[in-house]
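Peer 1: Following is a predicted model, sequence given first.
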Amino acid sequence: MPFARGRKEFPSHLWTQCPTCGEMLFNKQLVRNLNVCLKCDHHFKLGARERLELIADKGSFLEIDRELSSGDPLGFVDSTPYPARILAAQTKSGEKDAIVCGTATVGGVPSVLAVMDFDFIGGSMGSVVGEKITRAAERALADRRALIVVSASGGARMQEGTLALMQMAKIIGALARLGEAGLPFVSVLTDPTTGGVLASFASLGDVILAEPDALVGFSGARVTAGTIGEKLPKGFQRSEFVLAHGFIDQVVPRSQLKERLAFLLGALRPAARDLRWSL
Amino acid sequence: MPFARGRKEFPSHLWTQCPTCGEMLFNKQLVRNLNVCLKCDHHFKLGARERLELIADKGSFLEIDRELSSGDPLGFVDSTPYPARILAAQTKSGEKDAIVCGTATVGGVPSVLAVMDFDFIGGSMGSVVGEKITRAAERALADRRALIVVSASGGARMQEGTLALMQMAKIIGALARLGEAGLPFVSVLTDPTTGGVLASFASLGDVILAEPDALVGFSGARVTAGTIGEKLPKGFQRSEFVLAHGFIDQVVPRSQLKERLAFLLGALRPAARDLRWSL
Amino acid sequence: MLDRLIGAPAKAVEGNGHSADASGLILSVNDLATKKITAWQAVQLARDQKRPHALDIIERVFDRFQELHGDRGFRDDPAIVTGIGELDGRPVVVVGQQKGSSTEENIERNFGMPFPEGYRKAMRMYRLAAKFHLPLVTLVDTPGAYPGPEAEERGQAEAIAKSIETMTTLPTPIVAIILGEGGSGGALALGVGDVVLAMQNAIYSVISPEGAAAILFRSAGEAERAANALRLSAPELLSMGIVDGLIPEPEGGAHLDHDATGRNIKAALVAQLDRLARVPVGDLLTNRYERFRAIGSIVEPALDGSPPKAEPWWKRALRIRP
Amino acid sequence: MLDRLIGAPAKAVEGNGHSADASGLILSVNDLATKKITAWQAVQLARDQKRPHALDIIERVFDRFQELHGDRGFRDDPAIVTGIGELDGRPVVVVGQQKGSSTEENIERNFGMPFPEGYRKAMRMYRLAAKFHLPLVTLVDTPGAYPGPEAEERGQAEAIAKSIETMTTLPTPIVAIILGEGGSGGALALGVGDVVLAMQNAIYSVISPEGAAAILFRSAGEAERAANALRLSAPELLSMGIVDGLIPEPEGGAHLDHDATGRNIKAALVAQLDRLARVPVGDLLTNRYERFRAIGSIVEPALDGSPPKAEPWWKRALRIRP
Ligand SMILES: [Zn+2]
Ligand SMILES: [Zn+2]
């Protein structure tokens, strides 16, 4: 495979080019390697269902709140009306919105998982994402389970206006209650995790893991660079940069994510009952 | 007064030269002005008793733990044996150690005051300072009073070795209990507040006030400058610098200290009983 | 399928049970005396440099205000002012975003765009309020959290998230007022209250109209169109249940009469804090949770054909099993 | 006058009630098998670059250690390592100061001198331990907190004070081990435990011998004399009740056998944590308070001629009235 070939020899349904090293990767091999480049370890984006398969113990995942979908509270129209935009994304992805939630065990620890999907309108957070993560946290609290949220999002969904913004407070309220009850929340940041998602639940994990080289930042780099009108530091807003600045616990290669989560949940495993009442 | 006179015209028992502006100040006037330079507002050091007079409501101060003095746990000898050093300081100052404590009202709010005196071995913190501040905090807790500590210290007293270091943990333990009971602690930093005093109780006030231009830092500027082998930023480790860096609530001129304390204690006035039990 | 609009208009306002009607608040869009202004006019008014900013309001509403400084970690951020003031004799902790009233002051205040240390200062004051059982009043007025690289490096997102978290569980009454410009997450970091009020001409949005226009219409010039689409004006916020009431502004806008504006705010604050002081802290926190919990617009099919009931989350939580 | 030496030798050690005798600890200076080394020899041993440092010990004592990074505010400080490890199958939070074993590593680790953000990382882990009811183990090994100007600007003193404060009220068992060099406040920030142990050749001092010599004797060359005067060696600390027991080192010092050192530490930790796990958290906190409360040397005349009794502070507090 390592000799040079012309582009036409790589039909796109069979091959994918790595944006980092330029290597042409055979799709089947790429999928078998968890969508990580075999040459340079570039982490391609991973869909929510594939991510769940990677994290949840085999056969343990039970989806919840599958049918929630978005209203159109603002009657929002840009180039397309918002409902049409939603419908197109639903048709393309087979999902109702940008997140899949459910219960599962992870390394044997009863958990609730919420996994975002960047392919659904940029993983943007509207009322459905807000409601589903909130319910996931409430479910974890009710069942005394751990909560894992995997983020992949450009931020709040502007087609839902200030209602989308309020989802930040809504989700955080539920997470805070989870924390007060001594239940663990692990946040996993994947490429990209930005805006209102990073400025809310994604930054509040008891432990925060990130995939290598994921974009992790509050403002878009374009905005930031515009603000100072100059070049940004090397690696700016990438996982390793954010790790060095103290906001991430570990950068974890995808192949080790499951094992790392299992260890952490095992260590932070919630007590069967709320220890606040045990004095 | 503003025409030039020779040095011999200013006998030192009558006149003091301001180290900041060079002005010769008539001692009686200086004292009447709370030991603040009448020309440039330089704040001269203030003894513990004068400070108490400034802060406590007139006639309300009752000293406690007056007779505590230091042992010689290490049998410490440098140029002088430690007990001799203590005795000399006691004889010179009329105090037993570097702090005066008592109960008082401040603007009508029942308080416990602990005021350090830099003149007693550089205001250094040994077992007596540790024990007296701890007792002051315990007294405030027992009587549900506010606590005010005025610091003036070069740090821990090295003649008491690791025992002096441990006073930091001892005092902080008592302050933490005070805080858990919802009682206010106001820390006042005066020139200088450094080392183990700043790295313990002095930095833990619910509100932290500092006198203008007071030296406030962890390491001696000499050590710090030595570390980097270069010049330090302007105003380094002075109140205003530390305020800009976020570690002080207000820089307060001495003439306004009493009023400011009274306002703060009034606002943070402890409830008559512990509200944790009132749900 | 049922279009269940959680947190619909009137419901949310009455739902949290704390909105006063006796303090001059506008509680329904129908009550707006003058005809509504356009979204774009609201944007202009909310940003007017002559509009009263946090310190202008603090000076008029509180007696004996003492500003307290510093985040105890990095820097005192002048874009957020905090302190203790007396409201009709009662001590209150105040946290507000501070824009400048001149170009020089705006440079000093970073145009009201806080750095992470600003939010950390705010959090310190939130905790101070809780520790001493003082009510908390926040004044929201910012184009947004500062988006520069130093802010990113020091954790702008983390600071906002923690600020919101601190407010959601803070065991003391909170009244948040959208004073002028409520710019996205950087505003929400001061915006979680038991009661959230907005000035009559304030705005509150997930993104600036200019930002939205640049993304959606590929042109910042379409900001006016975006402002309309975003429904960011105070009456819209009220009708969506995002704010609980509007504080009336003097004829023509708050910038024309700071004193009258201050009086209206003071009346609203006194009335709200009076009510909140009577609510046990446990109920306060439950209601605060439910208030934000109810916001959003989702479509959820009923599994058995009947519409799902709106009920407290814990009832749902105790009932549902996979 | 009565010379009441609060916290005298044996009393303090037994006083807190948690010291194991079954785990190989040296609980009395008389039990020291080999003859005592001089203070200056202790200084040299404690600073030996080949001495096992935090990560060397963690690797040998804990199974499946996962390092966790960051203070969530400014920077991940490599001079403090933190994480979760398994000790005989039980999860434990570990926080240790990390010196380098080579010049390169020492530069990376800043010679084990933490910045404020290092202590803030430590505090985050302290709280994590408390939140999840995990015991906390700290490993102290630092010449002191970094004294540079950036550290001053970011609040070195505040970070140390808050660290100590967090430990004093942390509702989970804490075992602190003075592993090598316990340099002043920067060491104490990790040093508040229910049980405080020291390695047999560790030191713990309010100031470095060199620093003390420069101030007291106007010559850093008098460091040996200062080291003696400061009574900073482990046996001295034991006899003063500052540490509760000594962990024996292999013949010649820990640097000669990292594995044996690890085994001794592991035995001590397992025994101490076993004991502490049985103490209700309220008692734990009371005892931790009394442990440090008792340290100090004061002379107090009895008001009525009889010596004041040593008694818990709250008895004193309830009795005394002016
Ligand atoms: Zn590649
Ligand atoms: Zn002068």
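Peer 2: Cool, the structure landed. Ligands and ions are numbered 1, 2, ... in the order given.
Peer 1: Which strand or helix spans residue A:270?
Peer 2: Under DSSP states H and E, no helix or strand contains residue A:270.
Peer 1: Find the nearest non-adjacent residue to it, please.
Peer 2: residue A:183 (4.8 Å; CB to CB, 6 or more residues apart in numbering or on different chains). Using the backbone N, CA and C atoms, a C-beta is placed for each residue, glycine as well.
Peer 1: There's contact between that neighbour and residue A:147 in this structure, I believe.
Peer 2: Yes: contact between residue A:183 and residue A:147 holds when scored by CB atoms under 8 Å: they sit 6.9 Å apart.
Peer 1: Mutual contacts of those two, please.
Peer 2: residue A:140 (CB atoms under 8 Å, 6 or more residues apart in numbering or on different chains).
Peer 1: Give me the more crowded residue out of the two.
Peer 2: Just comparing residue A:183 and residue A:147: by other CB atoms under 10 Å in any protein chain shown the higher neighbour count belongs to residue A:147, 29 against 26.
Peer 1: Which strand or helix spans that one?
Peer 2: Here residue A:147 is assigned to strand A:146-153, by DSSP H and E.
Peer 1: Report whether that strand contacts chain C.
Peer 2: No: using CB under 8 Å from any CB of the partner chain, strand A:146-153 stays clear of chain C, coming no nearer than 11.2 Å.
Peer 1: partner strands of that strand, parallel or antiparallel?
Peer 2: strand A:109-116 (parallel), strand A:185-194 (parallel) (DSSP bridges).
Peer 1: Determine the next helix or strand in the C-terminal direction from the last one.
Peer 2: Once the chain leaves strand A:185-194, the next helix or strand it forms, by DSSP H and E, is helix A:195-198.
Peer 1: Okay, buried residues for that following helix please.
Peer 2: Buried residues in helix A:195-198, counting neighbours by 16 or more other CB atoms under 10 Å in any protein chain shown, are found at A:195, A:196, A:197, A:198.
Peer 1: Likewise for stretch A:106-114?
Peer 2: Buried, per 16+ other CB under 10 Å, within stretch A:106-114: A:106, A:107, A:109, A:110, A:111, A:112, A:113, A:114.
Peer 1: Tabulate the residues you listed (CSV), appending pLDDT and distance to residue A:28.
Peer 2: Output for those, formatted as CSV (pLDDT from 0 to 100; distance: CB to CB, whole Å):
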residue, pLDDT, distance to residue A:28
A:106, 97, 27
A:107, 96, 28
A:109, 96, 32
A:110, 96, 34
A:111, 97, 30
A:112, 98, 32
A:113, 98, 26
A:114, 98, 29
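Peer 1: does the helix or strand that contains residue C:65 come close to chain B?
Peer 2: Using DSSP H and E, residue C:65 sits in strand C:63-68. Yes: Strand C:63-68 comes into contact with chain B (CB under 8 Å from any CB), by way of C:64, C:66, C:67, C:68.
Peer 1: farthest-separated two in the buried residues of stretch A:106-114?
Peer 2: A:107 and A:114 (17.7 Å; CB to CB).
Peer 1: With adjacent residues omitted, what lies nearest to residue A:258?
Peer 2: residue A:55 (5.6 Å).
Peer 1: ditto for residue A:79
Peer 2: residue C:216 (7.1 Å).
Peer 1: from what I can see the one you found touches residue C:228, true?
Peer 2: No: counting by CB under 8 Å, residue C:216 does not reach residue C:228; the two are 12.0 Å apart.
Peer 1: Which of these two has more residues huddled nearby?
Peer 2: Using other CB under 10 Å as the criterion, residue C:216 and residue C:228 rank with residue C:216 on top: 20 against 17.
Peer 1: Would you check how far apart that one and residue C:207 are?
Peer 2: Distance of residue C:216 to residue C:207, computed by CB to CB, to the nearest Å: 9 Å.
Peer 1: just for the stretch 1-150 of chain C, where's the confidence low?
Peer 2: Across the stretch 1-150 of chain C, the ranges flagged by pLDDT under 70 are C:1-22, C:33-35.
Peer 1: any chance you could map the strands in it?
Peer 2: Taking DSSP state E, counting those that start in this stretch, the strands of the stretch 1-150 of chain C run over residues C:63-68, C:80-87, C:90-97, C:136-142.
Peer 1: Now render those as CSV, adding distance to chain A and mean neighbour count.
Peer 2: Below are the strands of the stretch 1-150 of chain C laid out as CSV (distance: least, CB to the nearest CB, whole Å; neighbours: other CB atoms under 10 Å in any protein chain shown):
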stretch, distance to chain A, mean neighbour count
strand C:63-68, 25, 16
strand C:80-87, 16, 23
strand C:90-97, 16, 25
strand C:136-142, 12, 28
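Peer 1: Adding distance to residue D:147, write those out as a markdown table.
Peer 2: Below are the strands of the stretch 1-150 of chain C laid out as a markdown table (distance: least, CB to CB, whole Å):
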| stretch | distance to residue D:147 |
| --- | --- |
| strand C:63-68 | 28 |
| strand C:80-87 | 31 |
| strand C:90-97 | 34 |
| strand C:136-142 | 37 |
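Peer 1: what about stretch C:131-151 and chain D, any contact?
Peer 2: No: counting by CB under 8 Å from any CB, chain D has no neighbours in stretch C:131-151; the shortest distance is 10.9 Å.
Peer 1: Ligand 2 is nearest to which of the strands paired with strand A:146-153?
Peer 2: Among those, the nearest to ligand 2 by CB to the ion is strand A:185-194 (54.1 Å).
Peer 1: Tell me the bridge partners for residue A:250.
Peer 2: Bridge pairing for residue A:250 - DSSP bridges - gives residue A:209.
Peer 1: Residue C:237: what secondary structure?
Peer 2: helix (DSSP: H, G, I helix; E, B strand; the rest coil).
Peer 1: now it: how far from residue C:42?
Peer 2: 10 Å.
Peer 1: okay, the two: which has more neighbours?
Peer 2: When residue C:237 and residue C:42 are compared for neighbours, residue C:237 comes out ahead with 26 against 23, by other CB under 10 Å.
Peer 1: residues in contact with the more buried one?
Peer 2: Counting by CB under 8 Å, 6+ apart, residue C:237 has contacts A:162, C:178, C:198, C:204, C:231, C:243.
Peer 1: can we see that at 7 Å?
Peer 2: With contact taken as CB atoms under 7 Å, 6 or more residues apart in numbering or on different chains, residue C:237 is in contact with A:162, C:198, C:204, C:243.
Peer 1: now the second one, what's its secondary structure?
Peer 2: Here residue C:198 takes the strand state, with states given by three-state DSSP.
Peer 1: Test my guess that it contacts residue C:243.
Peer 2: Yes: using CB atoms under 7 Å, residue C:198 makes contact with residue C:243 at a distance of 4.4 Å.
Peer 1: which residues do those two both contact?
Peer 2: Common neighbours of residue C:198 and residue C:243 (CB under 7 Å, 6+ apart) are C:178, C:234, C:237.
Peer 1: Quick one: distance of stretch C:202-213 to the chain centre.
Peer 2: Distance of stretch C:202-213 from the chain centroid (CA atoms, centre = their mean, to the nearest Å) equals 15 Å.
Peer 1: Can you give me the end-to-end span of that stretch?
Peer 2: 20 Å (CA to CA, to the nearest Å).
Peer 1: What mean pLDDT does it get?
Peer 2: Confidence for stretch C:202-213, expressed as mean pLDDT, is 95.
Peer 1: and what of stretch A:244-254?
Peer 2: 98.
Peer 1: same deal with stretch A:196-216?
Peer 2: 98.
Peer 1: so which strand or helix has residue C:265?
Peer 2: Applying DSSP H and E as the criterion places residue C:265 in helix C:258-277.
Peer 1: Now do that helix: everything it contacts.
Peer 2: Outside helix C:258-277, the residues that reach it (CB under 7 Å, 6+ apart) are C:18, C:20, C:22-25, C:52, C:56-57, C:60-61, C:87-88, C:135, C:137, C:173, C:175, C:177, C:194-195, C:197, C:247-250, C:254, C:284.
Peer 1: so of the residues you listed, which ones are in helices?
Peer 2: Under the assignment DSSP state H, the contacts of helix C:258-277 contribute C:56, C:57, C:60, C:61, C:284 to helices.
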